[in-house]
Each structure stands twice: as C-alpha cells, then as structure tokens.
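S.K.: compute the structure for the input listed below.
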Amino acid sequence: MQADASIAHLSGAALQLWLAVRRGQVAEALHLLPRFSAAELGAVADTDGSTLLHMAAAAPDEEAAAALTTALLAAKVPVNARASDKETPLVVAASMGRPRIVSLLLEGGANPHLTDNDMATPLTIAQQAAGSPCEALATALTGCKVDYKECVCLLRQAENATRPLSRQAKSSDGCGHCHAKGVKLLTCSRCTLAWYCSRECQQAAWKSHKLRCNAAAELRAQLALVADPSQPAVQRAKIVGLLAARPHLDMRALAVELKGVRTMLQALPNDRPAQVTVPGRSATRIVSAVALCKMMIQGEETTDPRAPSGARITGDTLLRPGMRQFGTARGHEVVLRRILEPDCPADDRRELLRLLAAMHVTMNENHGAELVLSRGAGLPVAELLFKLIRAHPRDTHVLPNVATILGALCLSEHERSGRSARQQTVTAAAERGAALAPAPASAPSLLPC
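M.R.: Predicted structure coming up:
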C-alpha cells in the first residue's frame with residue numbers, strides 16, 4: 001500500500017484507517033475504528049497536524065463525510081483539534097460549504113470562535129464564500145451541492161449562543177448560573193471574572209466555569225512574572241510564547257481581560273533588553289514589549305512590496321478592550337518614550353510602531369487618535385513622533401508608521417474642531433434668532449367670543 005510523504009510515519013491499521021477516511025470508505029473505516037482507543041484515534045494525524053476528523057469533514061462524498069464524522073465524534077476524537085495552520089474540522093467543513101457536517105460538529109462541541117492562521121473564524125470563511133463564484137465552482141468540481149448560506153446561518157446561531165471563552169460576563173448579565181438580575185452578586189475570588197448570587201449557584205456552575213477560572217488564575221500569576229524585570233528573561237519570554245499555545249483558550253484576549261496591557265505598560269519603562277528566544281529565533285528583545293504586542297495585535301504581519309525595503313503597512317486588527325486599557329494608561333507616550341531610549345532594540349522599535357500605527361487605520365475606526373486627543377495628549381505625542389523621525393532618519397519602518405499616526409491625529413483633530421465650530425455657530429445662531437424673532441401671535445380661540 002503506497003502512502004504519500006505526509007503520512008509516511010503511519011503504518012499498519014492506523015495507515016489503513018487514515019486512507020479509508022480520506023477516501024470516504026465508510027465500511028472499512030467503521031470496521032477499523034474499534035481497534036483504537038479515543039487517545040489513539042486523536043493521535044492519528046499527518047505531518048500537517050490534520051486529524052481523522054479533518055479528513056472526514058473533507059471526504060469526497062458528503063454522505064460519507066457525515067457518516068464518518070458521526071462515527072469519529074462517537075469515538076471521542078477531539079473535535080477542536082487544530083492542524084499546523086490552526087484549522088479545525090469546523091473550519092474545513094465551513095470552507096467546503098457543508099452545512100450538514102457543520103451541524104454535526106457543532107452538536108459535538110466544536111468551538112465556533114476558534115480562528116485559523118489568518119485570524120478568520122468559520123463564520124467569516126463561510127460569509128466570504130457565500131454568493132461568490134467559488135460556490136458554483138466547488139459544486140462543479142466536487143459534484144456535490146455546497147451551501148455556504150446555510151453554513152452562515154448555523155455558525156451565526158452558534159456564535160450568538162456561545163460567547164467566546166475570554167469574554168467577561170458583566171454583572172449586568174446577572175448571576176453566572178441562574179441569571180438572576182437585580183440581586184447582590186458576589187465575584188469569583190479566584191478569577192474575578194464571574195459573578196454569582198449565592199454559593200450554591202457558584203458550586204453548580206463550577207463544572208462549566210472550571211476551565212476558564214483555572215486558566216485565569218494561572219495566567220494572572222504568569223503576567224505578574226512577565227512584568228517583573230528582576231525575573232530571568234528566558235523564563236519570562238517562555239511565558240509570553242504560551243499566550244497563543246493553547247488552542248482551546250483565547251489566551252491573548254484572556255490576558256487583556258486580566259488587565260495585562262496596563263500591566264505591561266507599567267513594566268515597559270524599566271524593562272531592559274535581554275537575549276531571549278522569540279518565535280523562530282534568538283534575539284535581543286524587551287520582554288514586556290513583546291508581550292504587549294502579542295496580546296493586542298490579532299493580524300499577521302505583511303509588507304508592502306512597493307515601499308523601500310518592504311516597509312510595514314498597517315493591516316492589523318486589535319483587541320478593542322486592550323485599546324481602551326492602552327488609552328487609559330497613556331500608552332502612546334509610554335511606548336514612544338521607550339522607543340526613543342538608546343537601548344531599544346530595532347525589532348522592538350518596529351513592532352511597537354506597528355502596534356501604534358494599527359490603532360489609527362480604518363479597520364480599527366481610528367480609535368487610536370481619539371484615545372490620544374480625548375486625553376489632551378495630541379501635542380506631546382506629535383513632539384515624540386518628530387523626535388523619533390530625527391533619531392532614526394534611515395529606518396524604513398519609522399517614516400511610514402509615523403506618517404500614518406500623524407495623519408490620523410491631524411484628521412481627527414480637524415474633525416473635532418469642525419464639530420466644535422459647527423456647534424458654536426449653531427448655538428450663536430439660535431441665541432441671535434431667539435433675540436430677533438417677533439413675539440408669536442396669540443393662538444386662535446376654538447370657541448366663539
């Protein structure tokens with residue numbers, strides 16, 4: 001039996017099962033499944049990390065895909081397993097426009113909020129494909145009817161019904177178990193991210209709250225260690241790397257929720273560069289700067305081929321709660337002052353500028369400028385930006401990002417001034433009109449004199 005390079009490490013029954021699932025051979029796959037435990041089935045994957053459930057969702061025939069998916073879910077194969085590109089089986093099903101498979105996976109516990117390497121959720125992928133030429137092309141190539149619109153409906157319902165793990169349950173939502181409102185709520189002392197009306201409700205909700213509570217408590221201690229410059233830099237950098245290493249938790253959003261952005265901004269001025277291992281290589285970095293960027297930036301880095309030396313363009317999306325913390329802590333000034341210090345490494349200067357510029361682009365609704373101007377920090381930030389240009393005139397990453405930030409600040413200031421001037425004009429006109437207007441005539445009587 002011949003196998004391609006991606007499954008060359010598989011042999012015996014595991015290889016037979018893999019090929020049967022990939023080819024949509026239901027009878028053979030069902031015959032082989034009882035030979036494996038749930039743990040063994042979860043470990044059967046190709047070199048790209050695609051599991052049997054990934055292959056079942058992409059089986060050539062949808063009927064076979066449905067039968068295989070049902071059997072694998074019943075065998076307790078991990079439904080949220082991620083391949084090397086972070087694709088889950090749900091992402092595969094959504095990208096192929098298979099609402100039946102999407103429904104089966106959601107019923108089996110698939111998380112609709114998990115994203116792939118492009119930070120796209122299954123819903124985003126289905127929405128982009130719905131009504132596009134690829135829908136008709138997929139039908140023509142596979143011979144199976146695809147229905148992205150139905151996938152969109154299913155995934156939207158699932159997202160609305162299940163909030164992301166890291167989204168804080170506000171006290172206005174009521175008790176975290178019985179949802180009672182208008183009563184005194186007590187905060188979970190361990191994570192401080194959930195509220196309950198009684199000890200009994202807290203105990204009843206523990207099974208569903210346990211995962212998030214434990215993760216929050218552990219992460220809070222880790223963030224405190226990362227923000228402590230006296231701790232070994234290698235250990236601090238290792239913790240930063242874990243922020244995206246748990247596929248079942250959105251650790252970055254959870255870190256922001258635990259006030260991690262504010263914590264890193266407080267640590268940044270006194271944090272010195274150190275030799276650490278960051279994704280893929282060893283470099284001299286400021287650990288708190290790396291953590292700050294990792295927590296807030298959701299997009300992947302891209303470059304503009306038209307710009308000199310592939311200068312950074314601002315195409316990132318940011319976590320909105322992190323932006324609010326950033327503004328409250330006057331993050332622009334903190335970051336720019338740290339960048340201007342002589343010991344700031346070039347990599348950190350580039351990444352921190354990338355973060356600042358991303359706050360001022362259209363996809364983030366230019367919230368960065370509002371955060372600066374609403375606190376009266378427009379002039380200090382502009383002065384720091386001009387100092388940065390003078391300090392690094394040959395750095396191709398500085399000028400494009402500084403121009404983005406300054407342009408956004410000028411535009412927002414112009415709009416704010418325009419609104420203020422229009423408001424003053426309207427008020428003055430109203431006052432003048434009221435003074436000059438003739439007294440209104442008496443209203444006519446409805447009854448004869």
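
S.K.: could you point out which element follows the helix or strand R236 falls within?
M.R.: Using DSSP states H and E, R236 maps to helix 233-241. Using DSSP H and E, the helix or strand that follows helix 233-241 in sequence is helix 251-257.

S.K.: quick one: the strands in this protein?
M.R.: Under the criterion DSSP state E, the chain contains strands at 186-187, 195-196, 274-278, 281-285.

S.K.: ok, which of the ones you listed comes nearest Q231?
M.R.: strand 274-278 (10.6 Å; C-beta to C-beta). All C-beta spots, glycine's among them, are computed from the backbone N, C-alpha and C.

S.K.: contacts for the closest one?
M.R.: Residues from elsewhere that reach strand 274-278, judged by C-beta atoms under 8 Å, 6 or more residues apart in numbering: 233-234, 236-237, 240-241, 282-287, 290.

S.K.: show me which of the residues you listed is closest to V381.
M.R.: For these, the closest approach to V381 (C-beta to C-beta) belongs to I286, at 20.3 Å.

S.K.: wait, what's in contact with the closest one?
M.R.: L268, D271, R272, P273, A274, R338, C344, P345, D348.

S.K.: which members of these are classed as buried?
M.R.: L268, D271, P273, A274, R338, C344, D348 (16 or more other C-beta atoms under 10 Å).

S.K.: return the subset of these lying in helices.
M.R.: Judged by DSSP state H, helices contain the following of the buried ones among the contacts of I286: R338, D348.

S.K.: can I get the buried ones among the contacts of I286 in CSV with distance to L41?
M.R.: Formatted as CSV, the buried ones among the contacts of I286 follow (distance: C-beta to C-beta, whole Å):
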residue, distance to L41
L268, 46
D271, 45
P273, 46
A274, 43
R338, 49
C344, 49
D348, 44
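
S.K.: re earlier: check the contacts of strand 274-278 and tell me the two furthest apart.
M.R.: Taking C-beta to C-beta, no two of those sit farther apart than G241 and T284, at 16.5 Å.

S.K.: one step back: which of the contacts of strand 274-278 has the most neighbours?
M.R.: V287 (31 neighbours; other C-beta atoms under 10 Å).

S.K.: skipping adjacent residues, who's closest to that one in space?
M.R.: R236 (4.5 Å; C-beta to C-beta, 6 or more residues apart in numbering).

S.K.: what residues are up against the one you found?
M.R.: Going by C-beta under 8 Å, 6+ apart, R236 touches L225, V226, D228, V276, V287.

S.K.: hmm, 7 Å instead?
M.R.: L225, V226, V287 (C-beta atoms under 7 Å, 6 or more residues apart in numbering).

S.K.: can you redo the residues you listed as CSV with distance to K86?
M.R.: CSV is the format used below for the contacts of R236 (distance: C-beta to C-beta, whole Å):
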residue, distance to K86
L225, 27
V226, 23
V287, 24
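
S.K.: of those residues, which is the nearest to L258?
M.R.: Nearest member of these to L258, counting by C-beta to C-beta, is V226, at 11.7 Å.

S.K.: who touches the closest one in this structure?
M.R.: R236, I239, V240, V287, S288, A291.

S.K.: am I right that V372 is in contact with L409?
M.R.: Yes. Between V372 and L409 there is a contact under C-beta atoms under 7 Å: 6.4 Å.

S.K.: the more surrounded of those two?
M.R.: Set side by side, V372 and L409 show more neighbours around V372, with 28 against 24, by other C-beta under 10 Å.

S.K.: picking up where we left off before, would TSV of the contacts of strand 274-278 with distance to D395 and pLDDT be doable?
M.R.: As requested, the contacts of strand 274-278 are exported to TSV (distance: C-beta to C-beta, whole Å; pLDDT from 0 to 100):
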residue	distance to D395	pLDDT
A233	25	88
V234	28	87
R236	27	88
A237	24	87
V240	24	84
G241	27	78
S282	22	84
A283	17	87
T284	17	91
R285	17	91
I286	17	93
V287	22	92
V290	19	90
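
S.K.: run a quick neighbour tally on the spatially closest residue to A217 that is not a sequence neighbour.
M.R.: Distance criterion C-beta to C-beta, 6+ apart; nearest residue to A217, sequence neighbours excluded, is R190 at 5.0 Å. Residues within reach of R190, counting by other C-beta under 10 Å, total 13.

S.K.: now do I297 against F326, distance only.
M.R.: As judged by C-beta to C-beta, to the nearest Å, I297 and F326 stand 12 Å apart.

S.K.: so between the two, which is more surrounded?
M.R.: F326 (28 against 20).

S.K.: which one is that one nearest to, not counting chain neighbours?
M.R.: V261 (5.6 Å).

S.K.: enumerate every residue touching that neighbour.
M.R.: L292, M295, M296, G322, Q325, F326 are the contacts of V261 under C-beta under 7 Å, 6+ apart.

S.K.: same check on Y196?
M.R.: Here Y196 is in contact with C175, G176, H177, L185, L186, Q202, A205 (C-beta under 7 Å, 6+ apart).

S.K.: I'd like to know which of these are part of helices.
M.R.: Q202, A205.

S.K.: what subset of the contacts of Y196 is buried?
M.R.: Buried among the contacts of Y196 (16+ other C-beta under 10 Å): C175, G176, H177, L185, Q202, A205.

S.K.: need those in TSV (columns: distance to A13 and pLDDT).
M.R.: As requested, the buried ones among the contacts of Y196 are arranged in TSV below (distance: C-beta to C-beta, whole Å; pLDDT from 0 to 100):
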residue	distance to A13	pLDDT
C175	50	85
G176	45	83
H177	45	84
L185	54	86
Q202	46	90
A205	42	87
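
S.K.: nearest to M251 among those?
M.R.: Using C-beta to C-beta, those come closest to M251 at G176, 21.0 Å.

S.K.: excluding covalently adjacent residues, which one is nearest to the closest one?
M.R.: That would be A194: by C-beta to C-beta, 6+ apart, it lies 4.6 Å from G176.

S.K.: likewise for A158?
M.R.: In space, A158 is closest to P112, 4.3 Å off (C-beta to C-beta, 6+ apart).

S.K.: shared neighbours, V372 and L409?
M.R.: Taking C-beta under 7 Å, 6+ apart as the contact rule, V372 and L409 both touch G378, V381.

S.K.: A291 is in contact with T263, isn't it?
M.R.: No. Using C-beta under 7 Å, A291 is not in contact with T263; the gap is 8.8 Å.

S.K.: looking at the two, which is more packed in?
M.R.: For A291 versus T263, neighbours defined as other C-beta under 10 Å are more numerous around A291 (29 against 22).
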